[in-house]
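Student: mind looking at a prediction? Sequence and model below.
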Amino acid sequence: MTTLQPQPSINTAKGSRIAGANSVGYTTKSSMVYKQALFIRFGGMGDILLATPSLRAVHQAFPGIQIDFIVGGGMTDVLADHPLVRRVITFDKRGVDSRVDHFVPFLYGLSRTKYDVVVNLHPSAKSVLMTAASRAKTTVSFNKDVTIDPATGSVTHAIDDFAKQLTALGIGGIQDRYLDFYVDPAAKKRVVGLVDARGRRVLVINAAASRPINRWPTDRFKALACHFAEQEDVLVVLTGAPRSFHTVFDDIDEISLASEITAVHPNILNLAGQLTVRELGALLAECDAFLTCDTGPMHVGSAVRAPMVVLSGAADPERTGPINPEATVLIDRSLPCVPCRQRTCIFGDVRCMKGISTNRVIDELAAKLGRGLDREHHGVQPAGV
C-alpha cells in the first residue's frame with residue numbers, strides 16, 4: 001500500500017535513476033572527441049522521453065560532454081533539471097519563435113555555442129536550419145523506420161529507432177532502454193499536499209489523449225471510476241492538461257472531461273489542470289495504479305515505473321508502448337486493422353477502443369492495486385546524490 005508522504009532530500013527522487021549508477025557503460029568506436037552536443041526533438045512529452053535513452057548513451061560514450069536539448073513550446077518541464085542536460089532550449093515552432101525576427105537571433109545563438117555534434121531527431125525545415133547554424137563538424141539526422149519485420153510482424157520501437165542513428169557516432173545500439181524523468185522534490189511536496197491518501201491505495205486516471213483515435217469511451221471511464229471510488233480503501237484521482245494546452249486534432253477540454261467523470265462519485269479527486277508536468281511525474285511515481293491511453297502521460301508513467309494499464313488500439317505498443325515490466329497493455333487484436341498506426345479511424349467509430357471492455361480493465365487495475373508493488377523506479381536523480 002502506498003501512502004504519499006514527503007521523503008528526506010536524499011530520496012526525493014523516488015522513482016528516479018541516480019546519474020551514473022545502475023547504468024550500462026557505453027563505449028564508442030569513434031576516434032572523435034566531442035565536448036558539446038545539441039539534441040533536437042520537438043513534439044510532445046512522449047517524443048522527448050523516448051529520446052532519453054539515446055541522450056544517456058551519448059553522455060556515457062563521451063565522458064564530460066555537455067549536452068543541450070531543444071524541445072517544442074511548453075515542453076521544458078519534461079527535461080527540467082535533468083542532470084545530463086546542461087540547457088533545455090525551448091523553441092515554439094507554432095508561435096512567435098518562428099517569426100524571422102525571432103528565428104534569426106535564435107540561429108545566431110546556436111552558432112555562437114560551437115557545438116561539436118548535433119543529433120537531430122526531428123528533421124524539418126527549421127531543425128535543418130538549426131543544424132546548419134550550429135556549424136557542428138558532425139551531424140546526425142533521424143531517418144524514421146516503421147517497416148514491419150516479416151520475421152516478427154512487428155515494427156522497431158521508437159526508442160531503438162532513435163538509437164540506431166547513434167551508429168554514426170560509433171555507438172552500436174543501446175542496452176539500457178528505460179526512459180528518464182526527474183522527480184522534483186518541490187513537485188513531490190506539492191503533490192503530497194494535494195493528495196490526502198490517508199492510507200488508501202491511489203488509482204490515477206488520465207482519461208484524455210491528444211488524438212481522438214486513441215481515446216477510450218467516456219462512459220466507460222465513468223463506470224470504472226465509480227467502481228473503484230465505491231471502495232473505501234481506494235482513492236481515485238483524475239488528471240488532465242490545463243485549458244492552455246491545445247492539440248492539433250481537436251479542441252478537447254481535458255478539465256471538462258475529468259469533471260464529467262469526477263461527478264459520478266464524491267470519492268474522486270479531480271486534479272485536472274492543476275498539475276505541472278513535473279508534479280504529474282511526482283504523482284505517478286507514488287501511485288499504486290495508473291490508467292491511461294497511449295498519450296504523453298503514459299510515457300511519464302513509464303519513466304517512473306508506475307504500475308499502469310495502457311489502453312491501446314490504433315497506437316502500436318510495439319512502436320510507442322511502455323517497456324517497463326510494471327505496465328500492462330490492453331489491445332483488441334481480434335480486429336484485422338489493429339494496430340492501424342493511423343491518426344484517424346477509417347471507419348469513423350474507433351471500434352478498436354470500444355472493443356476493450358470495462359470489466360477487463362477493472363480486473364487488470366484491481367490486480368495492480370492488490371499487488372502493492374514496491375517497484376524500483378527509473379528516472380533521474382540530481383547528480384551527486
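Tutor: Everything's here; your move.

Student: rest of the way, CA atoms for contacts and neighbours
Tutor: Will do.

Student: you'd agree residue 232 is in a helix?
Tutor: No. Looking at residue 232 with DSSP: H, G, I helix; E, B strand; the rest coil, it is coil, so not inside a helix.

Student: how far away is it from residue 206?
Tutor: 21 Å (C-alpha to C-alpha, to the nearest Å).

Student: who has more neighbours, these two?
Tutor: Comparing residue 232 with residue 206 by other C-alpha atoms under 10 Å, the one with more neighbours is residue 206, at 23 against 10.

Student: each with direction, which strands does whichever strand or helix holds residue 39 pair with?
Tutor: Assigned by DSSP states H and E, residue 39 falls within strand 36-40. Sheet pairing for strand 36-40, assigned by DSSP bridges, gives strand 66-72 (parallel), strand 117-120 (parallel).

Student: the residue nearest to residue 90 when sequence neighbours are not counted: what's it in contact with?
Tutor: Nearest non-adjacent residue to residue 90, counting by C-alpha to C-alpha, 6 or more residues apart in numbering: residue 71, 5.1 Å away. Contact analysis of residue 71 by C-alpha atoms under 8 Å, 6 or more residues apart in numbering lists 40-43, 48, 88-91.

Student: mind giving me the packing neighbours of the helix or strand that the strand holding residue 39 is followed by?
Tutor: Per DSSP H and E, the first helix or strand lying C-terminal to strand 36-40 is helix 45-49. When contacts are defined as 3 or more C-alpha pairs under 8 Å, 6 or more residues apart in numbering; DSSP states H and E, helix 45-49 sits against helix 76-79, helix 296-303.

Student: swap in 7 Å and give it another go.
Tutor: Applying 3 or more C-alpha pairs under 7 Å, 6 or more residues apart in numbering; DSSP states H and E, one finds that helix 45-49 contacts helix 296-303.

Student: so the next helix or strand after the helix it packs on versus helix 296-303, what angle?
Tutor: Sequence order places strand 308-312 as the next helix or strand after helix 296-303, per DSSP H and E. With axes from the mean of the first three to the mean of the last three C-alpha atoms, to 10 degrees defining the directions, strand 308-312 sits at 140 degrees from helix 296-303.

Student: okay, strand 308-312 in PDB with CA atoms only?
Tutor: The C-alpha trace of strand 308-312 is given here as PDB (Å, rounded to 0.1, in the frame of the first residue of the first chain):
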ATOM      1  CA  MET A 308      -0.100   1.000 -15.100                       C
ATOM      2  CA  VAL A 309      -2.700  -0.200 -17.500                       C
ATOM      3  CA  VAL A 310      -2.500   1.200 -21.000                       C
ATOM      4  CA  LEU A 311      -5.500   1.200 -23.400                       C
ATOM      5  CA  SER A 312      -4.300   0.800 -26.900                       C
END
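
Student: and that strand, what other elements does it pack with?
Tutor: Packing partners of strand 308-312 (3+ C-alpha pairs under 7 Å, 6+ apart): strand 289-293, strand 328-331.

Student: apply 10 Å and report the result again.
Tutor: Here strand 308-312 touches strand 201-206, strand 289-293, helix 296-303, strand 328-331, helix 351-354, helix 358-371, going by 3 or more C-alpha pairs under 10 Å, 6 or more residues apart in numbering; DSSP states H and E.

Student: which residues touch the most centrally placed residue in the chain?
Tutor: Geometric centre of the chain, nearest residue: residue 299, 2.8 Å, by C-alpha atoms, centre = their mean. For residue 299, the contacting residues are 45-50, 179-181, 281, 292, 305-306, 320-323, by C-alpha atoms under 10 Å, 6 or more residues apart in numbering.

Student: returning to what we had before: closest to residue 140 out of the helices and strands packed on strand 308-312?
Tutor: helix 296-303 (24.5 Å; C-alpha to C-alpha).

Student: quick check: angle from that closest one to strand 201-206?
Tutor: Counting by the same axes, to 10 degrees, helix 296-303 lies at 140 degrees to strand 201-206.

Student: select the helix or strand of this protein having the lowest average pLDDT value.
Tutor: Between all helices and strands in the chain, the lowest mean by mean pLDDT, DSSP states H and E belongs to helix 351-354, at a mean of 90.

Student: list the contacts of that helix.
Tutor: 213-217, 220, 293, 311-314, 330-340, 345.

Student: which among those end up buried?
Tutor: If you count burial by 16 or more other C-alpha atoms under 10 Å, the buried members of the contacts of helix 351-354 come out as 213-216, 220, 293, 311-314, 330-332, 337-340, 345.

Student: burial of residue 147, as a residue count?
Tutor: For residue 147, the number of neighbouring residues by other C-alpha under 10 Å comes to 10.
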